[in-house]
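Asker: the sequence and its predicted three-dimensional model are supplied below.
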Amino acid sequence: MRTLYTKPGACSLADHIVLRWIGAPFEARVVDATQMKEPPFLILNPAGAVPVLVEGDWVLTQNAAILGYLADTHPEAGLGGDGTPQGRAEVNRWLALLNTDLHPAFHPLFGSTKYLGDADVIDATRTQAMQKIRGYYERLDAQLAGRDYLVGTRSIADPYLFVTLQWAKRLKLDLSGLDNLHAFEARMRADAGVQAALAAEGLD
């Protein structure tokens, strides 16, 4: 049986939601920041980060890799696109934007630039980060116009977007005027799989 290591509120929530959508047996092991730096976890992932997916003796890390693997091993769930190469490419397009562009844009807001030691410079990095995030969300909002999900039907990209929206809300970022994103977030929150994953991680 698969085991997913996840930290409440981290990007691993996306993998947790996808596993709930798939419906196959798995175990969710919720870890905290301290446990992620201890030897048993570092054996699984020397980077000390979630998500980590374990199947027998095989260990897979990196969010996009895990999401893609889950879509490929459960094509019946329809989370990898419409079954065509173009459909999969569309899913990968939005997954890449979320994983490579939007997610890293949050890092200064999570304290990654504190090492700079200059309050003005740190504030400038935070301001720039918020501007970048707003730009990405405007693009995603436009993509959701007339669609329930990023590629029309739900895919592995949607839970990742949902997770970033939880970060944005927690940080009180300006999401005004992004009505399609607000509707998407509400739609995801009403989903039984999303609710189950949130409850299992102690999130509301």
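Answerer: That came through, no problem. Small disclaimer: the values here were computed from a predicted structure and weren't measured. Numbers count the residues shown, from 1 in each chain.

Asker: contact partners for the residue nearest the centre of the chain?
Answerer: The structure's the chain has its C-alpha centroid closest to Tyr160; by Cα atoms, centre = their mean the separation is 2.8 Å. By Cβ atoms under 8 Å, 6 or more residues apart in numbering, the contact list for Tyr160 reads 11, 14, 63, 67, 95, 98-99, 103. Glycine gets a C-beta too; all of them are placed from N, C-alpha and C.

Asker: can you rerun that using 10 Å?
Answerer: Contacts of Tyr160 were listed using Cβ atoms under 10 Å, 6 or more residues apart in numbering, and they are 11, 13-15, 17-18, 63-64, 67, 94-95, 97-99, 102-103, 150.

Asker: same check on Phe162?
Answerer: In this structure, Phe162 makes contact with 13-14, 17, 184-185, 187-189, 191, 194, 197-198, judged by Cβ under 10 Å, 6+ apart.

Asker: export these to a markdown table and append columns for distance to Asp82.
Answerer: Shown next, in a markdown table, are the contacts of Phe162 (distance: Cβ to Cβ, whole Å):
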| residue | distance to Asp82 |
| --- | --- |
| Leu13 | 25 |
| Ala14 | 21 |
| Ile17 | 20 |
| Phe184 | 19 |
| Glu185 | 24 |
| Arg187 | 20 |
| Met188 | 20 |
| Arg189 | 25 |
| Asp191 | 20 |
| Val194 | 22 |
| Ala197 | 25 |
| Leu198 | 28 |
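
Asker: surely Asn92 touches Ala64?
Answerer: Yes. With contact defined as Cβ atoms under 10 Å, Asn92 and Ala64 form a contacting pair (8.5 Å).

Asker: identify the contacts common to the two.
Answerer: Residues within reach of Asn92 and of Ala64 at once, by Cβ under 10 Å, 6+ apart, are 99, 156-157.

Asker: now render those as JSON lines, adding secondary structure.
Answerer: Listed next are these as JSON lines, based on DSSP: H, G, I helix; E, B strand; the rest coil:
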{"residue": "Asn99", "secondary structure": "helix"}
{"residue": "Ile156", "secondary structure": "coil"}
{"residue": "Ala157", "secondary structure": "helix"}
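
Asker: from those, which is closest to Lys132?
Answerer: The closest of the shared contacts of Asn92 and Ala64 to Lys132 turns out to be Asn99 (Cβ to Cβ; 14.9 Å).

Asker: got the contact list for the closest one?
Answerer: 11, 14, 62-65, 67, 92, 157, 160.

Asker: among these, name the buried ones.
Answerer: When burial is judged by neighbour count using 16 or more other Cβ atoms under 10 Å, the buried members of the contacts of Asn99 are 11, 14, 62-64, 67, 92, 157, 160.

Asker: in helices, which of the contacts of Phe162 fall?
Answerer: Judged by DSSP state H, helices contain the following of the contacts of Phe162: 13-14, 17, 184-185, 187-189, 194, 197-198.
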